[in-house]
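A.B. asks: this is a predicted model, with the sequence first.
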Amino acid sequence: METQHADNVVTLLIRHRVRQGREQAYEHWLHRIVQTAHGYPGHLGVDVIRGTDEGLPLFTSVLRFNGAPQLQDWLDSDERRRLIEEVRPLLERQEDLELHPGREFWFAPADAEVPPPRWKQACVTFAVILPLSLLIPLLWQPAFAALPWLGGYLASNTAITLTIVLLVVYLFMPRVTRWLAPWLNRP
């Protein structure tokens, strides 16, 4: 069996603008397609970012595969074709697909041809995570005091880390990278 290196990882952004009132049906479909993709060779995971675009519910799926051939096998599969046909009536328009080499989906704005240098990625990530790592433990302190079982080492660190990760992935990083896109994209 051939070993794949992290440098072979590809990330596919799939954007679906869902018709108003069809979000629940779409969420059900999304769960099914994520489970199906999970069974394909080379599949490394899916993250879903929910938002809005032009007043429509926007679902951005960040799909990672351990190489372009494995991703292409998934994209060309009969199962995916059938699921895409099934979801079409729920979508306002056709899906947008955007391929990125590597894992740097936060740092790959639509108008950028290549991700920014890693030092810029590190600076932005540090700037987003540092304030959260200082603030979130303080915000959790009342809950830890009121619920001693939640204040234990493992439980408290799990709650703090989960809060920071969710805030970074779903709230702060997408906004900060859009805001800093001119700097991130400058050579």
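C.D. replies: Nice, thanks for sending it over. Numbers count the residues shown, from 1 in each chain.
A.B. asks: domain parsing for the protein?
C.D. replies: 6-101, 118-185 (automatic domain parsing).
A.B. asks: any idea which helix or strand comes after the helix or strand encompassing N157?
C.D. replies: Following DSSP states H and E, one finds N157 within helix 153-166. Next along the chain after helix 153-166, taking DSSP H and E as the criterion, comes helix 173-179.
A.B. asks: what residues of that following helix count as buried?
C.D. replies: Within helix 173-179, the residues that count as buried by 16 or more other C-beta atoms under 10 Å are 173-174, 176-177. C-betas here are computed from N, CA, C, even on glycine.
A.B. asks: okay, who's weakest in those residues by pLDDT?
C.D. replies: Looking at the buried residues of helix 173-179 by pLDDT, the weakest one is P174, with 76.
A.B. asks: measure the closest residue in space to that one that isn't next to it in sequence to L180 for me?
C.D. replies: Distances taken as C-beta to C-beta, 6 or more residues apart in numbering put I49 closest to P174, at 6.4 Å, once the chain neighbours are dropped. Distance check for I49 against L180: by C-beta to C-beta, to the nearest Å, it reads 18 Å.
A.B. asks: sorry, back to before: of the buried residues of helix 173-179, which is the nearest to T36?
C.D. replies: P174 (25.8 Å; C-beta to C-beta).
A.B. asks: what's the distance between the closest one and V128?
C.D. replies: For P174 relative to V128 (C-beta to C-beta), the value is 10 Å.
A.B. asks: and for V9?
C.D. replies: With C-beta to C-beta as the criterion, V9 and V128 are 22 Å apart.
A.B. asks: out of the domains of the chain, which one sits most buried?
C.D. replies: Burial of these is given as mean neighbour count (mean count of other C-beta atoms under 10 Å); domain 6-101 ranks first at a mean of 15.
A.B. asks: rounded mean pLDDT for that one, please.
C.D. replies: For domain 6-101, the mean pLDDT works out to 88.
A.B. asks: does anything pack onto the helix or strand encompassing H28? Which helices or strands?
C.D. replies: Assigned by DSSP H and E, H28 belongs to helix 23-38. Contact here means 3 or more C-beta pairs under 8 Å, 6 or more residues apart in numbering; DSSP states H and E; on that basis helix 23-38 packs against strand 43-53, strand 56-65, helix 78-87.
A.B. asks: right, and the ones you listed - which one's nearest E27?
C.D. replies: Closest to E27 of those, according to C-beta to C-beta: strand 56-65, at 8.4 Å.
A.B. asks: how about that closest one as PDB, C-alpha atoms only?
C.D. replies: Coordinates of each C-alpha in strand 56-65 appear next as PDB, following Å, rounded to 0.1, in the frame of the first residue of the first chain:
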ATOM      1  CA  LEU A  56     -30.100  32.700   1.500                       C
ATOM      2  CA  PRO A  57     -28.900  30.000   3.900                       C
ATOM      3  CA  LEU A  58     -25.400  29.200   2.800                       C
ATOM      4  CA  PHE A  59     -23.700  25.900   3.700                       C
ATOM      5  CA  THR A  60     -20.000  25.600   2.900                       C
ATOM      6  CA  SER A  61     -18.600  22.100   3.200                       C
ATOM      7  CA  VAL A  62     -14.800  21.800   3.600                       C
ATOM      8  CA  LEU A  63     -14.000  18.400   2.300                       C
ATOM      9  CA  ARG A  64     -10.500  16.900   2.600                       C
ATOM     10  CA  PHE A  65      -9.000  14.000   0.800                       C
END
